[in-house]
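**Student:** Need a 3D model of the following:
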Amino acid sequence: MNEFAAFVTAFVTAFVFTVQQIILWRYGVLGLLALLLFAIGVKARNQTCSTIGALLLVLMLSRQAL
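**Tutor:** Okay, the predicted model is just below:
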């Protein structure tokens, strides 16, 4: 069971790192800042922080669609 937990932890860490790098490459530093604000807000259960991060991500994604 302990080996499985280590594997899952390594996989999740690699996935999160990959997502951060893709967002940094595609949307720049502001995209990474928005993702970090959202993640910190969710982790700390701070609605203001997570809302600001989510709004920044939505605005950046909708700009690409226009």
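**Student:** any idea of the pLDDT on Leu66?
**Tutor:** We have a pLDDT of 55 for Leu66.
**Student:** And Met1, by the same measure?
**Tutor:** So Met1 comes in at 62 (pLDDT).
**Student:** same check, this time on Leu57
**Tutor:** So Leu57 comes in at 86 (pLDDT).
**Student:** wouldn't it be in contact with Leu33 here?
**Tutor:** No. Applying CB atoms under 8 Å, one finds Leu57 not in contact with Leu33, separated by 10.0 Å. For glycine as for every other residue, the C-beta is placed from the backbone atoms N, C-alpha and C.
**Student:** now Ser50: how far from Val16?
**Tutor:** Distance, Ser50 to Val16, by CB to CB, to the nearest Å: 17 Å.
**Student:** neighbour count winner among those two?
**Tutor:** Ranked by neighbour count (other CB atoms under 10 Å), Ser50 and Val16 place Ser50 first, with 18 against 12.
**Student:** which residues touch the more buried one?
**Tutor:** Ser50 makes contacts with Leu37, Phe38, Ile40, Gly41, Val42, as judged by CB atoms under 8 Å, 6 or more residues apart in numbering.
**Student:** these two touch, right, the first one and Leu55?
**Tutor:** No. Using CB under 8 Å, Leu37 and Leu55 do not qualify as a contacting pair, with a distance of 9.4 Å.
**Student:** Between those two, point out the one with more neighbours.
**Tutor:** Leu37 (21 against 13).
**Student:** could you list every residue that touches that one?
**Tutor:** Contacts of Leu37 (CB under 8 Å, 6+ apart): Cys49, Ser50, Ile52, Gly53, Leu56.
**Student:** If we use 10 Å, what do you get?
**Tutor:** Asn46, Thr48, Cys49, Ser50, Thr51, Ile52, Gly53, Ala54, Leu55, Leu56, Leu57 (CB atoms under 10 Å, 6 or more residues apart in numbering).
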